[in-house]
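Asks: Generate a structure from the sequence data that follows.
(one chain, ligands or ions: 1)
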Amino acid sequence: MDVVSEPDPDLLVQLDSVSVRRGTTTLVGPVSWNVELDERWVVLGPNGAGKTTLLKIAAAELYPTEGTAHVLAETLGHVDISELKPRIGLSSAALAGRIPGDEVVSDLVVSAGYAVLGRWREEYEDVDDERAIDMLERAGIEHLARRTFGTLSEGERKRVLIARALMTDPELLLLDEPAAGLDLGGREDLVAILTELAMNPDAPATVLVTHHVEEIPPGFTHAMLLKEGGVVAQGLIDDVITEENLSTAFSQAIALDRTDDRFFARRKRRGPSHRRAR
Ligand SMILES: Nc1ncnc2c1ncn2[C@@H]1O[C@H](COP(=O)(O)OP(=O)(O)OP(=O)(O)O)[C@@H](O)[C@H]1O
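Replies: Alright, predicted model coming up:
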């Protein structure tokens, strides 16, 4: 039987030997992971490494098969999830996929307060609507407030999701591949927004899931590298995002550059001896 650990009130995410299994397959784990108040984490790894599964646990959307998961100092399985959800800001492709195309952008943002997708019969105050507009402004898209979600570009949708995720002034912000599908300009705009958030001491603890080191905003403090459900490395970003760890995680020799506090990665070119040997 699992030993259920006690939640530490100073930790926003506290996973103790957590695994998620489906049948005989381990999706992720065992993982032990702590996220503190002022930390900004990036979770990186190849396709199928278990990143989204891990984030779903942090979002209180998925319970571990083994181990204990505490989120916002509440133990999953022993807490009313509907009370926990508004305290967590989440942006993910799965969430975007559930949004009906005819939802009005400002309604989508304001309705985060009830953890529902769009305005229905809930009561909102003027101050809520004003905050929704503020959040859209922060994401640089206040001009889209009256547009419907279905008419937005991919980059605009991503920004709406971030505005929505921040609406409830969450204690924990979880962003699953927010730059996926964006062009170069869109990616750079998003990195700039996330850099501003990362540098803001009042911003919530943040976890960003990505495949690409180029998407890591300056100001992110910690990283976890996953491969096939297991942890390759985790800790301070400079210790984790290294050529050696990336090469292990992505199963190929990776060269890593760093410019202006940004990371850039590519496969190492084979040396002349290789070419001669062919
Ligand atoms: N319900 C399920 N049943 C069986 N396997 C699953 C289930 N959900 C996910 N998986 C598998 O678990 C592994 C981890 O999936 P997950 O979505 O967490 O990975 P990821 O790192 O986010 O991948 P990607 O970068 O491709 O989005 C994958 O191999 C996936 O196929």
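Asks: Can you report how many residues neighbour residue 55?
Replies: 23 (other C-beta atoms under 10 Å). C-beta coordinates here come from the backbone N, C-alpha and C atoms, glycine included.
Asks: Return the residues in contact with it.
Replies: Residues in contact with residue 55, defined by C-beta atoms under 8 Å, 6 or more residues apart in numbering, are 43, 92, 174, 176, 207, 209.
Asks: who wins for most neighbours among those residues?
Replies: In these, the most neighbours by other C-beta under 10 Å go to residue 207, 28 neighbours.
Asks: Tell me the secondary structure at that residue.
Replies: strand (DSSP: H, G, I helix; E, B strand; the rest coil).
Asks: Next one: it relative to residue 21, how far apart?
Replies: As for residue 207, its distance to residue 21 is 22 Å (criterion: C-beta to C-beta, to the nearest Å).
Asks: Now do the buried residues in the helix ranked longest in the chain.
Replies: Secondary structure assigned by DSSP state H gives helix 184-199 as the longest helix of the chain. Buried residues in helix 184-199, counted by 16 or more other C-beta atoms under 10 Å: 186, 187, 189, 190, 191, 193, 194, 195, 197, 198.
Asks: Closest one of the contacts of residue 55 to the ligand?
Replies: Comparing those against the ligand with C-beta to the nearest ligand atom places residue 209 closest, at 6.7 Å.
Asks: ok, what's across the strand from the closest one?
Replies: When assigned by DSSP bridges, residue 209 has beta-bridge partners residue 43, residue 176.
Asks: Tell me if I'm right that it and residue 52 touch.
Replies: Yes: contact criterion C-beta atoms under 8 Å: residue 209 and residue 52 qualify, at 6.7 Å.
Asks: overlap in contacts of the two?
Replies: Joint contacts of residue 209 and residue 52 (C-beta under 8 Å, 6+ apart) are residue 176.
Asks: Now do the same contact list for residue 12.
Replies: Contacts of residue 12 by C-beta under 8 Å, 6+ apart are 35, 36, 37, 71, 72, 73, 171, 172, 205.
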